[in-house]
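J.: sequence? don't have it. structure:
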């Protein structure tokens, strides 16, 4: 008889509820009659996410002391739960956003099943406590996302995006796996705390493994130079999927990067802080410069997400409790702004039936004031203007870098922010300062969506707006949440 | 009360945006809010204890405690005057916009109110990060106001404006982070002075761009020409004062050593800007060009006064901030009124407008005479104090200033004569009316304020600093 570890079902409840939602949605693809399939599947997915949010909140409240559960393979602590709140919230919003998407309705059950599964994978991923569960979680949500990218077969570039993501993502996973193997070879243990206490800080094998793990996570966080898949995949994937990837995948990858580096490799901090800072600077440079020349809004937002990977790696590189707080705070408005911005893009896309470029946003702000003003707020938030959480997030990130003694990194971040203004303001310029008459479309236009679907989209955008602006005013409560989460890490 | 002054326009802005009002009611609501704001300010003015001076009507609430950032507002003597300038000019600008009837009234009025709230916030903030937040928040409505309702070249103008100002602001953000974290507080009252040249220069860069100082004025002509007259009035009348305020409240007070170290440099930049701006104003081909470049010159003069850091210079610069705010707001609004009648500001195509238009002639003449600082005018008092102040720092600076006042007389007289006198220009038709009562209602209060100040300039210059001892107040960092 194989000894069975004690299983803390409560700690696994968020993941399990999403898995259950996923399984039920899959069943619904077979059992529910076609006209009902989409609402039922979407509702199941939404309920799954809502239940998961409930569970992670309960877990956050009850996990004051972090602990390893299920034979120490999974970590139950506030860091994982806070990231879980952001991820599951993004998932819920992405579900609402997907409902009005216009695509052939023959695979909706599978779509929602995969969306729920991807979220479950990410929740598992952020609570990973050893290299094996880390890799398992990574593959779990990645494979779901590969399919999600290609789910709309009529979409031009969707398949290309999925294939590119599959190949490059697979490469990234392989790098991570190889790195894990090297670390295991160097230390002989898999769990993060064990790696830290193995006392092999300057082992070359361990350092190569560390580098490969950072690279593998960098692929998921779309930090330069591991970003090359991002623009194509963000552009080609269905917009709700892009929104989900931009918000949730990045959150998961960055939080795990923080956890792995701080818990498993504290002895090599002097090396990885520099490496992470270098990746951050490179991401800022690549993301901002490339975004300047983009015509497509989704592509521009993809580069913007690369540059934000850079901004959020800055606090990780600071290797301090302040840095941890900064990252976890910043992720909240960032996730809201990403989903919101892509939701607005999706609305315009559904209206026009063509990919959204900066040019064909002309006059949009006046036609649809709610979406226009929200997009305005999201762009200003990305650019780090006050009245949005993006400002406080950047401030915290820079403050962490300064406290670490890296004033130069503050300067780099400030310059990057300045450059980024140009392309964020270009969106506002197009929406409000150009007339609808300037709009010229190649094909015919499609009429607007039906009211109930639009209602979902608009509530999504409103929710994102509330979080984006609210996080500027409610800094203290969010920072307290982030502080409790970051305190679980051994800084 | 301070918080009310900030929140009232913001709340009114939200109302104007959210309620389904038509053009008339949205405009009336905005105007009402602006007038109530003026009323509250009058309350503040009456109740502020000028005898005691210092920070009053203070409010403080923690914003995020781990970095010691708080919502801390309050007013000093000079902030009372600057807030007054803001609310008066904003009320005039909103009234003018209402009368002209801007398209998308709700959006326009809401943005004007948002702008009012953020400018008042800048003058009231006593926390570095809060100051920065308001300073940046000013830019958001301005960007849209110029970019949406501006003239044909508005897109280029806004882009230039935003990139310039943000470059400065972000340097200031870096400076704030370094300054605040190194002292472990962001509170403007508590924070100790610093001797770091780099932090000082970060702040100065932001203010020098916003003011603007030579050679950072590249954004100025386009922004002032392409925006609507009332926005140009606010930009040059009020927003530029935020920069002068920053010089006074932060750069000079918190960085005594660097300010002394760089005094020669900044005074030189200001002197060059003073003469250069005056010359450009003299050569400008249009009405707005003259006012825009004269604004460059006047802001340079105010900066000179601040960086003289002595009693006369500081008193004079505060007085001149208020003067120039009122003068340039009135001139930009008058320029807008002239342009509405002639459809151009080109000086070669207008002229002879005084005949049959006594109200326009009187208003422009009065404002012009005050602008060129004839003796007995408030601007004369301000300029005289500033020049006397910089004289103490070296007679050369005062000599440059004196030359510039001659140039000021030249460009103002050129403006007045080109618009009012000479033969009637091709763009001026006989049908062009005199100022309407509503237009008079917008301009007369501004001019009346100027006349009152001319009669009693000490109202401002004598009631700005604690115990009427500016230098001591600055040296004590306004504590």
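T.: Yep, that arrived. Note that the coordinates shown come from a computational prediction; the quantities given were computed from them, not determined experimentally.
J.: list the contacts of the residue of the stretch 201-350 of chain B found nearest chain A.
T.: At 9.6 Å from chain A, residue B:202 is the closest residue in the stretch 201-350 of chain B, using C-beta to the nearest C-beta. All C-beta spots, glycine's among them, are computed from the backbone N, C-alpha and C. Residue B:202 makes contacts with B:171-172, B:174-176, B:178, as judged by C-beta atoms under 8 Å, 6 or more residues apart in numbering or on different chains.
J.: pLDDT below threshold where in chain A?
T.: Under the criterion pLDDT under 70, the flagged ranges of chain A are A:437-453.
J.: hmm, back to that, so which of the contacts of residue B:202 is the most crowded?
T.: Neighbour counts for the contacts of residue B:202 peak at residue B:172, which has 28 neighbours (criterion: other C-beta atoms under 10 Å in any protein chain shown).
J.: sorry, back to before: could you find the closest non-adjacent residue to the residue of the stretch 201-350 of chain B closest to chain A?
T.: residue B:175 (2.7 Å; C-beta to C-beta, 6 or more residues apart in numbering or on different chains).
J.: against which helices or strands is the helix or strand where the one you found lies packed?
T.: Under the criterion of DSSP states H and E, residue B:175 resides in helix B:154-183. Helices and strands touching helix B:154-183, by 3 or more C-beta pairs under 8 Å, 6 or more residues apart in numbering or on different chains; DSSP states H and E, are helix A:389-403, helix A:407-433, helix B:128-149, helix B:197-210, helix B:220-226.
J.: got the residues of chain A near chain B?
T.: Neighbours of chain B within chain A, by C-beta under 8 Å from any C-beta of the partner chain: A:322, A:325, A:366, A:380, A:385-387, A:391-392, A:395-396, A:398-399, A:402-403, A:407, A:410-411, A:414-415, A:417-418, A:421-422, A:425, A:428-429, A:432-433, A:475-476, A:479, A:483.
J.: buried subset of those residues?
T.: A:322, A:325, A:366, A:380, A:385-387, A:391-392, A:395-396, A:398-399, A:402-403, A:410-411, A:414-415, A:417-418, A:421-422, A:425, A:428-429, A:432-433, A:475, A:479, A:483 (16 or more other C-beta atoms under 10 Å in any protein chain shown).
J.: ok so, going back, surely the residue nearest to residue B:202 meets residue B:204?
T.: No. Counting by C-beta atoms under 8 Å, residue B:204 is not a contact partner of residue B:175; they are 9.1 Å apart.
J.: now do the lengthiest helix in chain A and helix B:154-183, the angle between them.
T.: When chain A is scanned for its longest helix (criterion: DSSP state H), the result is helix A:321-352. On the basis of axes from the mean of the first three to the mean of the last three C-alpha atoms, to 10 degrees, helix A:321-352 is oriented at 160 degrees to helix B:154-183.
J.: please compute how far helix A:321-352 lies from its chain's middle.
T.: Distance, stretch centre to chain centre, for helix A:321-352: 8 Å (C-alpha atoms, centre = their mean, to the nearest Å).
J.: so which elements touch the helix or strand residue A:135 falls within?
T.: Per DSSP H and E, residue A:135 falls inside helix A:131-150. Secondary-structure packing of helix A:131-150 (3+ C-beta pairs under 8 Å, 6+ apart): helix A:108-126, helix A:158-187, helix A:204-221, helix A:239-244.
J.: what's the following helix or strand after the second one?
T.: Think helix A:158-187. Using DSSP H and E, the helix or strand that directly follows helix A:158-187 along the chain is helix A:192-197.
J.: which ones are touching the closest residue to chain B within chain A?
T.: Residue of chain A nearest chain B, by C-beta to the nearest C-beta: residue A:386 (3.7 Å). For residue A:386, the contact set (C-beta under 8 Å, 6+ apart) comprises A:472, B:132-134, B:136-137.
J.: same thing with residue A:287?
T.: Residues in contact with residue A:287 (C-beta under 8 Å, 6+ apart) are A:224, A:227, A:303-310.
J.: and the furthest pair within these?
T.: Taking C-beta to C-beta, the two most distant members of the contacts of residue A:287 are A:224 and A:304; they sit 12.7 Å apart.
J.: who has more neighbours, the two?
T.: With neighbours defined as other C-beta under 10 Å, residue A:224 and residue A:304 compare such that residue A:304 has more, 27 against 23.
J.: and the strand or helix carrying that one, what does it pack against?
T.: Assigned by DSSP H and E, residue A:304 belongs to helix A:297-318. Packing partners of helix A:297-318 (3+ C-beta pairs under 8 Å, 6+ apart): helix A:230-236, helix A:239-244, helix A:250-259, helix A:269-292, helix A:321-352, helix A:389-403, helix A:407-433.
J.: beyond the fifth one, next helix or strand please.
T.: Downstream of helix A:321-352, the next assigned helix or strand under DSSP H and E is helix A:364-367.
J.: give the next helix or strand downstream of that following helix.
T.: Next element after helix A:364-367 (DSSP H and E): helix A:369-382.
J.: what packs against that next one?
T.: With contacts taken as 3+ C-beta pairs under 8 Å, 6+ apart, helix A:369-382 sits against helix A:321-352, helix A:364-367, helix A:389-403, helix A:407-433, helix A:451-473.
J.: minimum distance to residue A:214: which of these has it?
T.: Distance to residue A:214, taken as C-beta to C-beta, is lowest for helix A:321-352 among the helices and strands packed on helix A:369-382, at 15.4 Å.
J.: relative orientation of the closest one and helix A:407-433 in degrees?
T.: For helix A:321-352 against helix A:407-433, the angle by the same axes, to 10 degrees is 20 degrees.
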